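*Asks:* could you work out the structure for the sequence below:
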Amino acid sequence: MSEPDATRDLAAPWNQAQPWRTDDAGELEIAGRPLSRIVEATGQTPCYLYDRWRLDARVAHLRACLPAPIKLHYAIKANPIPALVGHLARLTDGLDVASVGELRVALDAGTDPLNISFAGPGKRDAELRQAVAAGILVNIESPRELEALSQACESFGASARVAVRVNLPFELKASGMRMSGGAKQFGIDSEQVPALLADIRSRGLAFEGFHLYAGSQNLKAAAIAEAQDQCYKMVRGWADMMPAPLRSLNLGGGFGIPYTPSESPLDLGPVADSLAALQQRCAQDSPQAHLVLELGRYLVAEAGLYVTRVIDRKQSRGQTFLVCDGGMHHHLAASGNFGQVIRRNYPVMVNARPESSEIASVVGPLCTPLDLLADRMQLGEAHVGDLVVVFQSGAYGKTASPREFLGHPELIEAPV
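*Replies:* The predicted model follows:
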């Protein structure tokens, strides 16, 4: 699908590479069709809409920037809707899952089990047995998991494919969420890795490599490149201890996207240069190995919209409130209640209202002041029935939200 010719750019610093388009009436366009028509075809508001063209363009951009041997995996946790996973399964080299529920989605998408990996603390014995039976790669996060995998192998008469997830001794600087450094529930502390490698060898499991995820939502290319270089050096220090030649080195992801006008998009150039150097070193040090990037948010977030409809317009002591049929129960992250230290507005617009503007707050129907999608933003003057769009909504949306809170109706998700 090609991007339609635009009549007008929705100029926004948070989406410099691929600005959304509006027509002369201010109607947002997706795949050449007006938003209001797509919503009618979808059947209801609230809804999440995902632009397939933007997914294609993001992966193509990464392919063009990164060294060709780098494997690109999609981390399903960012957005597990089956239609979207199936689309990305055809574009990427593998899928990373964090539960057997996500494993089912990955397998249903037709992904080769050889290209699926399973990470996450607290994997139950039954989940580990299922992973071994499916033939996927399991990222070990504790000695207990290693024992359970050994028992599963004895039951099936097969050797589990394993990698070691490492709790690194450093953090990814400037990341929104730090996944390593210090005491963490994720992975094996780096100082304990040699003993675990020896245990893997003694149990005869099929060792393939390492999973090293330092942090997420990072917009600093230098910090990402530095972390990747440190990860590679650490793994090389274990070269003589590995039970088998290195086959897979998952360097995680951490690529962030801008959510506010004050943030600039990640510059892929320095990261690509660093990965090219690492790829050359890896080809010399471990000819059988490949480097993996595990990306979630970076692939899908900017392709997604959350659309809700104004059901009431209220004035309270000089402040305008647009009360909508959707809110934090569908989009917790946009409300600022999904790990943000300081609440910041996502980019928001009122569809087809370019002629006038006002300062207004967009709120949902829930009986809590936390149900806030936009706090005193400059928006088009909205009326009852108008559509409100929250951009950057393709990742950690529906499945990361308390949808049963207060019993409001469920929403719809639809790739476009």
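
*Asks:* care to break this structure down by domain?
*Replies:* For the chain, the structural domains run 8-51+302-415, 119-295, going by automatic domain parsing.

*Asks:* please report the distance of E404 from L411.
*Replies:* Separation of E404 from L411 (C-beta to C-beta, to the nearest Å): 12 Å. In this view, the C-beta of every residue, glycine as well, is placed from N, C-alpha and C.

*Asks:* of these two, give the one with the bigger neighbour count.
*Replies:* Neighbours per residue (other C-beta atoms under 10 Å) separate E404 from L411, with L411 holding more: 23 against 9.

*Asks:* which stretches in the protein count as helices?
*Replies:* 35-42, 52-65, 82-91, 100-108, 125-134, 143-156, 193-203, 221-236, 268-285, 297-300, 332-335 (DSSP state H).

*Asks:* make JSON lines out of the ones you listed and add mean neighbour count, mean pLDDT and distance to R247.
*Replies:* Listed next are these as JSON lines, based on neighbours: other C-beta atoms under 10 Å; pLDDT from 0 to 100; distance: least, C-beta to C-beta, whole Å:
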{"stretch": "helix 35-42", "mean neighbour count": "16", "mean pLDDT": "96", "distance to R247": "43"}
{"stretch": "helix 52-65", "mean neighbour count": "17", "mean pLDDT": "95", "distance to R247": "22"}
{"stretch": "helix 82-91", "mean neighbour count": "19", "mean pLDDT": "97", "distance to R247": "21"}
{"stretch": "helix 100-108", "mean neighbour count": "19", "mean pLDDT": "97", "distance to R247": "20"}
{"stretch": "helix 125-134", "mean neighbour count": "19", "mean pLDDT": "96", "distance to R247": "17"}
{"stretch": "helix 143-156", "mean neighbour count": "17", "mean pLDDT": "92", "distance to R247": "17"}
{"stretch": "helix 193-203", "mean neighbour count": "16", "mean pLDDT": "96", "distance to R247": "14"}
{"stretch": "helix 221-236", "mean neighbour count": "19", "mean pLDDT": "93", "distance to R247": "12"}
{"stretch": "helix 268-285", "mean neighbour count": "17", "mean pLDDT": "95", "distance to R247": "11"}
{"stretch": "helix 297-300", "mean neighbour count": "26", "mean pLDDT": "96", "distance to R247": "24"}
{"stretch": "helix 332-335", "mean neighbour count": "25", "mean pLDDT": "94", "distance to R247": "35"}
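
*Asks:* can you put the ones you listed in a markdown table and add distance to G394?
*Replies:* Shown next, in a markdown table, are those (distance: least, C-beta to C-beta, whole Å):
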| stretch | distance to G394 |
| --- | --- |
| helix 35-42 | 15 |
| helix 52-65 | 8 |
| helix 82-91 | 8 |
| helix 100-108 | 16 |
| helix 125-134 | 27 |
| helix 143-156 | 31 |
| helix 193-203 | 35 |
| helix 221-236 | 21 |
| helix 268-285 | 19 |
| helix 297-300 | 4 |
| helix 332-335 | 11 |
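
*Asks:* burial of the nearest residue to Y48 once chain neighbours are set aside, as a residue count?
*Replies:* Leaving aside its sequence neighbours, Y48 sits nearest to E413 (C-beta to C-beta, 6 or more residues apart in numbering; 4.4 Å). E413: 19 surrounding residues under other C-beta under 10 Å.

*Asks:* now L278: how far from S216?
*Replies:* For L278, the distance to S216 - C-beta to C-beta - is 20 Å.

*Asks:* next one: R344
*Replies:* 17 Å.

*Asks:* these two: which has the busier surroundings?
*Replies:* Neighbour totals were compared for R344 and S216, and S216 leads with 22 against 14 (other C-beta under 10 Å).

*Asks:* how about L168, phi and psi?
*Replies:* phi -70, psi 160 (degrees, to the nearest 10).

*Asks:* that one reaches M234, doesn't it?
*Replies:* Yes. Counting by C-beta atoms under 8 Å, M234 is a contact partner of L168 at 7.2 Å.

*Asks:* can you pull the residues that touch both of those two?
*Replies:* Taking C-beta atoms under 8 Å, 6 or more residues apart in numbering as the contact rule, L168 and M234 both touch S190, L212.

*Asks:* mind listing what the closest residue to R58 other than its chain neighbours touches?
*Replies:* Nearest residue to R58, sequence neighbours excluded (C-beta to C-beta, 6+ apart): L299, at 5.6 Å. Neighbour list for L299: L55, R58, V59, Y74, A78, L88, T92 [criterion: C-beta under 8 Å, 6+ apart].
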